[in-house]
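# missing the sequence, but the structure's below:
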C-alpha cells in the first residue's frame, strides 16, 4: 500500500513538473508576441482570408499596410470581382475606392470608417500594438502546432509556435513565427465550427514605407 502511494505521488509530481514546463514555454511565446507587437512601427503583408458560412466558402486576397496608430491601406488583389478595390485609413479620415464601379467614398471615422481590420482577429491586435490587451482579455489555451509552416508567396519554411484564445463562444487558433513571434495564421471558430481563416502569404515588419500610401485623395 505504501509503495502504491509513493508511486502515485511520484506520478503526480511528474505531471505537475511537465505542466509547469509547458506553461513556461507558452509564457515565453506570449511574452515574445507582446514584445514584438509593442515594437511595431510598420507592417506590410499579403493576406488571404477564407470565410466559411452555411456550406459556402469565399476567399479574398489583399495587400495590407499598417503604420501605428492610425494609418492603414488595403488593396484587394483577388478575386477579380473586387480586384483594385482600395481602402485607406489616415487618422480620422477613411477612403474607399470601388474599382468595379469606379466610385470613390469619403468618410469620417465616426461615420463607420473605423476598425476595418478587425475581421483579421488577433493579427489586427498584433499590428495595432494591442496584443497584450487581447491576451489579457481572453482565456489562453494550448494548441496543436504543425511541424513547419510555409509562407506561400516566398516559399520560406518557418518553425512556428501555437496557442489559442477563447472569448465567449469564439476560439482563435494562432500560429506565430518562432523566429520573430509574428502571427502567420489565425483560424477563428464559433463553437466547434470553423468560420474564418486568415493566412499570411508574406510579410515584413518595421520596414520602410511611403507616406503616399496613406494619402487620402482629394474629392
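Cool, got the structure. Just so you know, these numbers come straight off a predicted model, no measurement behind them.
# Could you check how many residues crowd around residue 36?
For residue 36, the neighbour count with other CB atoms under 10 Å is 20. Bear in mind the C-beta positions are built from the backbone N, C-alpha and C, glycine included.
# Helix or strand for it, just tell me which one.
If you go by DSSP states H and E, residue 36 is part of helix 2-38.
# mean confidence score for whichever helix or strand comes after that helix?
Next along the chain after helix 2-38, taking DSSP H and E as the criterion, comes strand 43-53. For strand 43-53, the mean pLDDT works out to 97.
# what angle separates the next helix or strand after strand 43-53 from strand 43-53?
Scanning forward in sequence from strand 43-53 by DSSP H and E, the next helix or strand is strand 56-67. Note on geometry: by axes from the mean of the first three to the mean of the last three CA atoms, to 10 degrees, strand 56-67 and strand 43-53 are set 160 degrees apart in direction.
# Who are the packing partners of strand 56-67?
strand 43-53, strand 71-78 (3 or more CB pairs under 8 Å, 6 or more residues apart in numbering; DSSP states H and E).
# Now render the ones you listed as CSV, adding mean neighbour count.
What follows is those, written out as CSV (neighbours: other CB atoms under 10 Å):
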stretch, mean neighbour count
strand 43-53, 18
strand 71-78, 18
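# and the residue nearest to residue 205 when sequence neighbours are not counted, what are its bridge partners?
Using CB to CB, 6 or more residues apart in numbering and skipping residues adjacent in sequence, the residue nearest residue 205 is residue 43, 5.5 Å away. On the basis of DSSP bridges, residue 43 is bridged to residue 66, residue 205.
# follow-up on the earlier one: let's have the helices and strands packed on strand 56-67 in TSV, adding distance to residue 126.
Listed next are the helices and strands packed on strand 56-67 as TSV, based on distance: least, CB to CB, whole Å:
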stretch	distance to residue 126
strand 43-53	8
strand 71-78	14
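# And the ones you listed: which comes nearest residue 103?
Residue 103 lies closest, by CB to CB, to one member of the helices and strands packed on strand 56-67: strand 71-78, at 14.5 Å.
# The closest one - contacts with which helices or strands?
strand 56-67, strand 86-90.
# Single out the most deeply packed of those strands.
strand 86-90 (a mean of 20; mean count of other CB atoms under 10 Å).
# what lines up beside it in the sheet?
According to DSSP bridges, strand 86-90 has these partners: strand 71-78 (antiparallel), strand 93-98 (antiparallel).
# Distance from the chain centre to that strand, please.
Distance of strand 86-90 from its chain centroid, counting by CA atoms, centre = their mean, to the nearest Å, is 19 Å.
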